[in-house]
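S.K.: Quick one: sequence plus predicted model below, questions after.
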Amino acid sequence: MATKLDDALVSYQDSLPLYQEFAQAVRSILDIAISKDFGVHSIEFRAKSVDSFRKKAEKVIDDVKSTPKYSEPLSEITDLAGVRVIAFFPKSLEQICQIIEKEFEVTEKKDMGEERFSQRRLGYKSIHYLVKLNLNRKTLVEYQKYNNLVAEIQVRTILQHAWAEMEHDIQYKSADQIPTSIQKRFIALAGMLEIADREFQAVQDEDAKLRQGLQSSLEDDLFTAEMDSTATANRKLNTQGKEVKDAVTLHSNSTRARELVLAGNYTEAISHYTKLINEQPDSYTLYIGRAKAQFLGGNRSAALSDLESAKGLNATDVAIAVLHRKISEGLLSPSTATSEGWRLSTMANNQLARGEGEDAFKEYSKAQDLGLPWVFATFNKAMACSLINDVDGSTYLLDQFTPNPESPMKINSLSLRAINAAIVDLEISDCCHNLKEELAAMQWFNYGLSPLRYLEMGFEKRGGPVRERVSRVFALLKG
């Protein structure tokens, strides 16, 4: 006669594909929601195997050997669908936990490290969640089959994960059972892993300060370039000829190189600077620009070499010596407020991409208060207004500035005005024609660097008829 355990095993075997799909769905949600800037090593998922389910279901209560630990294994064993998020650094854990608590309905949260310590048990540190789909997802057709399922999400650092993997081979589960000599080694090992986690975090923090210091100077450079009056230079073209035209072209091209660096496309930026240096070998500022890109891309020695080249071309510029010393001695320090402004702007970009226009607007406003350049902050807020169909608010913000005609902001602004017209279902043929002409004149415009790509993702996320109407503008931008 079949026992309750036998029935549970058969039922679980039948349900295994569903749990596998659910685990993968949870993993996909996290993969989209967790920013690449969080320093995630990997996101793993699995459904518990039938053999593992059987072993867990067979467990009995320790002090009552004949009493099963789980009277209803299918409902009481909560890790049938499991997802594990492994981060490089401890600081990332808090950010990841915030995402989990926002994206799911959390039914339980445990800090396994604190729990084990309070029970004098050895083991790895890890934060464990039991989650269900939130109400918004439960209404979507593709998720409805998972509505009654629970998943376990584990969050830990890569070193904590190393301990967890090793623990599978450790037979001692209680400190009271361990011989003194081995217990000392366990304590030493736990302390070493704790220190290593902290030291890796400290190294990452220090490296981030160095990079943010250089990033801040590039942000200031780019803001200055954006606000420069290229129109004045263009008026001079009629009277001063090729020399001024070449200067304007160099200014425009170097601005594009800085934008590549700000977007994190260091390899492309270095290549762009190299091309400019080949065309203008006596321009020491190009060597400085490439040095910054080299450093941010992780090639410190190449950065210092470029600064030496810049010094050879202009030995009197003290800024070269200062930057050389800061890079070689690790003395770069960012403007805290400005760097925080760019960090908040990045966070708001991710919110925009998730379709959260109201939240993005708030973060963009905070970023502006903390030093994000006014033009960029104003345009970003205009995008957030467009996403929530506040065309009047978006248009008002766009009217507050006149973009440099030689800059990508000109394309971005024209595009957003066309998008606003599409939102209210106006004829956009003229807008698209003007945009097409500007794109033809500015062939180097790169949609992959434009903040409008986050707005496009936001419209995709929100769906509806507006998404279809604005798609024509985005198609133009992408060529």
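M.R.: That came in fine, so what should we check first?
S.K.: how close does residue 380 sit to residue 360?
M.R.: Distance of residue 380 to residue 360, computed by C-beta to C-beta, to the nearest Å: 8 Å. Every residue, glycine included, has its C-beta placed from N, CA and C.
S.K.: Neighbour count for the two, which is higher?
M.R.: Set residue 380 next to residue 360 and count neighbours by other C-beta atoms under 10 Å: residue 360 wins out with 29 against 25.
S.K.: ok, how many other residues are close to the residue nearest to residue 57 when sequence neighbours are not counted?
M.R.: Distances taken as C-beta to C-beta, 6 or more residues apart in numbering put residue 73 closest to residue 57, at 3.9 Å, once the chain neighbours are dropped. Each residue near residue 73 was counted by other C-beta under 10 Å, and the total is 23.
S.K.: I'd like to check which residues are in contact with residue 73.
M.R.: 5, 8, 12, 53, 56-57 (C-beta atoms under 8 Å, 6 or more residues apart in numbering).
S.K.: Among these, show me the least confident.
M.R.: Ranked by pLDDT, those bottom out at residue 5 (80).
S.K.: Between residue 380 and residue 360, which contacts overlap?
M.R.: Contact criterion C-beta under 8 Å, 6+ apart; residues shared by residue 380 and residue 360: 348-349.
S.K.: Next, give phi and psi for the closest residue to residue 462 other than its chain neighbours.
M.R.: Once flanking residues are discounted, residue 462 sits nearest to residue 355: 4.3 Å by C-beta to C-beta, 6+ apart. Residue 355 adopts backbone torsions of phi 90, psi 10, taken as degrees, to the nearest 10.
S.K.: Might you quantify the distance of stretch 11-29 from its chain's geometric centre?
M.R.: Put simply, stretch 11-29 sits 27 Å off its chain's centre (C-alpha atoms, centre = their mean, to the nearest Å).
S.K.: Show me which residues of that stretch are buried.
M.R.: 12, 16, 19-20, 22-23, 25-27, 29 (16 or more other C-beta atoms under 10 Å).
S.K.: Same question for stretch 362-372.
M.R.: 362-368, 370-372.
S.K.: returning to what we had before: so the residue nearest to residue 462 sits against residue 388, correct?
M.R.: No: contact criterion C-beta atoms under 8 Å: residue 355 and residue 388 do not qualify, at 9.4 Å.
S.K.: what does the model give the nearest residue to residue 40 once chain neighbours are set aside for pLDDT?
M.R.: Closest residue in space to residue 40, ignoring its immediate chain neighbours: residue 87 at 5.4 Å, by C-beta to C-beta, 6+ apart. As predicted, residue 87 sits at a pLDDT of 91.
S.K.: Over to residue 402?
M.R.: Confidence score, pLDDT, at residue 402: 84.
S.K.: Equivalent analysis for residue 285, please.
M.R.: The model's pLDDT for residue 285 equals 85.
S.K.: Surely it forms part of a helix?
M.R.: Yes: the assignment for residue 285 by DSSP: H, G, I helix; E, B strand; the rest coil puts it in a helix.
S.K.: Now do it against residue 128, distance only.
M.R.: For residue 285 relative to residue 128 (C-beta to C-beta), the value is 53 Å.
S.K.: Ok, residue 472 next?
M.R.: 47 Å.
S.K.: which of these two has more neighbours?
M.R.: Using other C-beta under 10 Å as the criterion, residue 472 and residue 128 rank with residue 128 on top: 19 against 15.
S.K.: what pairs with that one across the strands?
M.R.: Residue 128 forms beta bridges with residue 110, residue 154, as assigned by DSSP bridges.
S.K.: And it, what's its pLDDT?
M.R.: 93.
S.K.: ditto for residue 200
M.R.: 79.
S.K.: heads up, I number from 25, so please use that
M.R.: Yes, from this point I'll number from 25; that puts the last item at residue 224.
S.K.: you'd agree it is in a helix?
M.R.: Yes: judged by three-state DSSP, residue 224 forms part of a helix.
S.K.: list the contacts for it?
M.R.: Contacts of residue 224 (C-beta under 8 Å, 6+ apart): 112-113, 183.
S.K.: ok, and what's touching the strand or helix carrying residue 110?
M.R.: Using DSSP states H and E, residue 110 falls within strand 105-111. Outside strand 105-111, the residues that touch it by C-beta under 8 Å, 6+ apart are 43-44, 46-47, 50-51, 54, 58, 62-72, 117, 120, 173-182, 185.
S.K.: quick one, strands of the protein?
M.R.: 64-71, 84-85, 88-92, 105-111, 128-135, 151-157, 175-181 (DSSP state E).
S.K.: In CSV, list those along with distance to residue 339.
M.R.: As requested, the strands of the chain are exported to CSV (distance: least, C-beta to C-beta, whole Å):
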stretch, distance to residue 339
strand 64-71, 46
strand 84-85, 81
strand 88-92, 82
strand 105-111, 46
strand 128-135, 58
strand 151-157, 55
strand 175-181, 47
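S.K.: mind checking which of those is nearest residue 320?
M.R.: Counting by C-beta to C-beta, residue 320 lies closest to strand 64-71 out of the strands of the chain; the figure is 20.7 Å.
S.K.: mind listing what's buried in that closest one?
M.R.: 64, 67, 69-71.
S.K.: Closest one of the residues you listed to residue 422?
M.R.: residue 64 (35.8 Å).
S.K.: I'd assumed residue 57 was in contact with the closest one.
M.R.: No: using C-beta under 8 Å, residue 64 is not in contact with residue 57; the gap is 11.1 Å.
S.K.: overlap in contacts of the two?
M.R.: By C-beta under 8 Å, 6+ apart, no residue touches both residue 64 and residue 57.
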